[in-house]
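Kindly generate the corresponding structure for this input.
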Amino acid sequence: MLQIAFIRENQEKVITALAKRNIDATSVVEEVVQLDERRRATQVELDGILSESNKLSKDIGELMKAGEKAKAAILKEKTVLNKEKSRKLAETADVLAAALLEKLYTLPNLPADIVPNGKTPEENLNVFEEGEIPVLHEGAQPHWELVKKYDIIDFELGVKIAGAGFPVYKGKGAKLQRALINYFLDKNTAAGYNEVQVPHMVNEASAYGTGQLPDKEGQMYHDKTDDLYLIPTAEVPVTNLFRDVILNENELPVLTTAYTPCFRREAGSYGAHVRGLNRLHQFDKVEIVRVEHPDRSYEALDGMVEHVKNILRELKLPYRILRLCGGDMGFTAALTYDFEVFSTAQDRWLEISSVSNFETFQANRLKLRFKDKDGKNQLAHTLNGSSLALPRVLAGILENYQTPEGIVIPEVLRPYCGFDSIN
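Residues are numbered from 1 along each chain as shown. A predicted model of the protein is given here:
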């Protein structure tokens, strides 16, 4: 959530920045400023009446001590009137504050200066590419055919149990999945991230805290009875570990990693590009989350990008990095880098990770602060990244490592799997 003081003092800057997201925020910004002015004016009036009431209470006490009951009675009548005025003003202030918050929730984060202009994914900027695209043998197949051939993932069985988008991993497929999770966690913890296990459901406050609500309400699975949401990513519960927390400056940065299943309705997703593991309703992902000092968050973002690069180098998968344009960037991000692995069998790039800096956007919602060297509370910066999302990594391994004899397991994963190939 954008800070109201920043919007008030930088209205044109906010409107110009959000135009990079192809959003005309003029009317919303004007409404926000007007609501804030009314709320602040109401609060000033309320504070004045409360201050006057406090003074009247003291004056009444002194008059009663002096035996001037008639004068005290007159003041008491005034306090009754003030009490009613203050009640109405407090109600008005609450209504205005709620309306202001609702408007603020509709404004996405401001893109960083280096975010490219653009409306569609085709306008994202390719900033790095590495790894050789393998030349596959004649008759090479996409992963949804390979998993049938080697009986390692059963999509039809998942349909019977739950529905489309809920695959069942079997035998070496299940072991490879577990190997990837353990490998990713080991890489993250070796880099200084503290591993946690978190709930797979969150309350409404947590979903608002990281910006999934109200922006992605229709994409989240919601249990209305208990008012809980299945998590779309570990980012949500992990970042909410720090909701309403004030850290000391010397505690920064805070590095956390977690494995969780992720649940997404993926409403409106259809077509050949979502076949097999390309898009699921339930999938596994290992996440990294950082709480950073504002002065060091972009250096930290670069470090996260390098960390994911190193994992893909060890897996020996061809990949590229895209700096997302304003129109393709997520609601909460100030800057996002997407990693894509090349699937030779599908002849297309598959997104496998997003690494983002949210600056103070989430921290403002979360009330996540740190006490600086002067003893003042400042909003921290939050960052997160997939390290990594499993389905498309697995698809990339199955397709790029296939041979006529079977699927070779990347060397770095063999100690985790306990086998060298799937055949």
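
Can you point out the buried residues in the helix or strand encompassing residue 391?
If you go by DSSP states H and E, residue 391 is part of helix 390-400. Neighbour counts over helix 390-400 (16 or more other Cβ atoms under 10 Å) mark 390-400 as buried. Bear in mind the C-beta positions are built from the backbone N, C-alpha and C, glycine included.

And the strands in the stretch 151-300 of the chain?
Using DSSP state E, counting those that start in this stretch, the strands of the stretch 151-300 of the chain run over residues 153-154, 168-169, 194-195, 201-203, 222-223, 228-230, 246-248, 254-263, 282-292.

just checking, what packs against the first one?
Pointing back at strand 153-154 there. Applying 3 or more Cβ pairs under 8 Å, 6 or more residues apart in numbering; DSSP states H and E, we find strand 153-154 packed against strand 168-169.

What pairs with the strand it packs on, parallel or antiparallel?
Neighbouring strands of strand 168-169 in its sheet, by DSSP bridges, are strand 153-154 (antiparallel).

ok so, going back, with pLDDT and distance to residue 89 added, can I get the buried residues of helix 390-400 in CSV?
Listed next are the buried residues of helix 390-400 as CSV, based on pLDDT from 0 to 100; distance: Cβ to Cβ, whole Å:
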residue, pLDDT, distance to residue 89
390, 97, 54
391, 96, 54
392, 95, 55
393, 97, 57
394, 97, 59
395, 96, 60
396, 96, 61
397, 97, 63
398, 97, 65
399, 97, 65
400, 96, 66
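
Export those to a markdown table and append columns for distance to residue 264.
A markdown table is the format used below for the buried residues of helix 390-400 (distance: Cβ to Cβ, whole Å):
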| residue | distance to residue 264 |
| --- | --- |
| 390 | 14 |
| 391 | 11 |
| 392 | 14 |
| 393 | 17 |
| 394 | 17 |
| 395 | 17 |
| 396 | 20 |
| 397 | 22 |
| 398 | 22 |
| 399 | 23 |
| 400 | 25 |
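
ok, the residue nearest to residue 93 when sequence neighbours are not counted - contacts?
Nearest residue to residue 93, sequence neighbours excluded (Cβ to Cβ, 6 or more residues apart in numbering): residue 42, at 4.7 Å. Residue 42 sits next to 89, 92-93, 96 when contact means Cβ atoms under 8 Å, 6 or more residues apart in numbering.

Residue 130: which of the strands of the stretch 151-300 of the chain is closest?
Comparing the strands of the stretch 151-300 of the chain against residue 130 with Cβ to Cβ, the closest turns out to be strand 282-292 (20.1 Å).

what residues does the helix holding residue 391 touch?
134, 136, 140-143, 146-147, 176-177, 180-181, 276-278, 280, 283-286, 315, 317-318, 341-346, 350-352, 407, 409-410.

So the residue located most distally from the centre of the chain: helix, strand or coil?
Distance from the centre of the chain peaks at residue 67, with 64.9 Å (Cα atoms, centre = their mean). Secondary structure assignment for residue 67 (DSSP: H, G, I helix; E, B strand; the rest coil): coil.

what pLDDT does it get?
With respect to pLDDT, residue 67 scores 88.

Give me the phi and psi angles of it.
phi 80, psi 10 (degrees, to the nearest 10).

before we move on, what about residue 320?
Torsion angles, degrees, to the nearest 10, at residue 320: phi -140, psi 160.

my guess is it meets residue 129, correct?
Yes - applying Cβ atoms under 8 Å as the test, residue 320 and residue 129 come out as touching, 4.2 Å apart.

between those two, who's got more neighbours?
A direct count of neighbours by other Cβ atoms under 10 Å for residue 320 and residue 129 places residue 320 higher, at 16 against 12.

Just the buried ones out of the contacts of helix 390-400, please.
Buried members of the contacts of helix 390-400, scored by 16+ other Cβ under 10 Å, are 134, 136, 140-143, 146-147, 176-177, 180-181, 276-278, 280, 283-286, 315, 317-318, 341-346, 350, 352, 407, 409-410.

and these, which of them are in helices?
Under the assignment DSSP state H, those contribute 143, 146-147, 176-177, 180-181, 315 to helices.

Widest-spaced pair of those residues?
Spatially, the most separated pair among these is 146 and 181, at 20.4 Å (Cβ to Cβ).

got the strands of the stretch 151-300 of the chain as TSV, with mean pLDDT and distance to residue 362 columns?
Shown next, in TSV, are the strands of the stretch 151-300 of the chain (pLDDT from 0 to 100; distance: least, Cβ to Cβ, whole Å):
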stretch	mean pLDDT	distance to residue 362
strand 153-154	98	34
strand 168-169	98	32
strand 194-195	98	19
strand 201-203	98	14
strand 222-223	96	21
strand 228-230	98	16
strand 246-248	98	15
strand 254-263	98	14
strand 282-292	98	10
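
can you redo these as TSV with distance to residue 2?
TSV is the format used below for the strands of the stretch 151-300 of the chain (distance: least, Cβ to Cβ, whole Å):
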stretch	distance to residue 2
strand 153-154	43
strand 168-169	42
strand 194-195	30
strand 201-203	23
strand 222-223	26
strand 228-230	23
strand 246-248	21
strand 254-263	23
strand 282-292	19
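
and the ones you listed, which is most packed in?
With neighbours defined as mean count of other Cβ atoms under 10 Å, the strands of the stretch 151-300 of the chain peak in mean count at strand 282-292, which reaches a mean of 24.

strands paired with that one, and their directions?
If you go by DSSP bridges, strand 282-292 pairs up with strand 254-263 (antiparallel), strand 381-389 (antiparallel).

can those go into JSON lines with extra columns for distance to residue 325?
Formatted as JSON lines, these follow (distance: least, Cβ to Cβ, whole Å):
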{"stretch": "strand 254-263", "distance to residue 325": "25"}
{"stretch": "strand 381-389", "distance to residue 325": "19"}
